[in-house]
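Enquirer: would you be able to build a 3D model of this:
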Amino acid sequence: MSGLTRSVQDILKREISGELIDAGELRVSKTGLGKKKPGERYLIYLPLNRNYLWRILHESGAKVRVFIEIPEEVLERERRRREKSG
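Expert: Residues are numbered from 1 along each chain as shown. Reported below is the predicted structural model:
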């Protein structure tokens with residue numbers, strides 16, 4: 001956490017256990033890139049109940065690493081879908 005002020009480090013240490021933040025189950029949203037640039041972009045909206053933490057991370061310029069865990073029931077549903085079609 002180098003580069004962060006001491007107070008920001010203290011808040012982050014208090015809020016984050018094990019250096020991972022569970023943001024809960026989120027949906028992936030799709031948006032276009034605009035009229036001048038064809039294509040699409042996918043977004044994940046962070047939960048509003050942690051806005052104070054996202055703000056601290058944003059204002060401090062902290063870089064984060066994002067991991068995506070797909071729930072087992074989604075994987076199982078996809079397996080069944082593939083078995084039916086294939």
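
Enquirer: please enumerate the helices of this structure.
Expert: Counting by DSSP state H, one finds helices in the chain at the ranges 6-15, 51-60, 72-85.

Enquirer: so can I have JSON lines of those showing distance to G32, mean pLDDT and mean neighbour count?
Expert: All C-beta spots, glycine's among them, are computed from the backbone N, C-alpha and C. Formatted as JSON lines, the helices of the chain follow (distance: least, C-beta to C-beta, whole Å; pLDDT from 0 to 100; neighbours: other C-beta atoms under 10 Å):
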{"stretch": "helix 6-15", "distance to G32": "35", "mean pLDDT": "68", "mean neighbour count": "12"}
{"stretch": "helix 51-60", "distance to G32": "24", "mean pLDDT": "86", "mean neighbour count": "13"}
{"stretch": "helix 72-85", "distance to G32": "25", "mean pLDDT": "88", "mean neighbour count": "9"}
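
Enquirer: what's near enough to touch the spatially closest residue to L43 that is not a sequence neighbour?
Expert: Spatially, and ignoring its direct neighbours in sequence, L43 is nearest to S29 (4.8 Å; C-beta to C-beta, 6 or more residues apart in numbering). Counting by C-beta atoms under 8 Å, 6 or more residues apart in numbering, S29 makes contact with Y42, L43, I44, Y45.

Enquirer: between the residues you listed, which sits nearest E78?
Expert: Relative to E78, the closest of the contacts of S29 is Y42; by C-beta to C-beta it sits at 17.6 Å.

Enquirer: and Y42, how many residues sit next to it?
Expert: Y42 has 8 neighbours, counted by other C-beta atoms under 10 Å.
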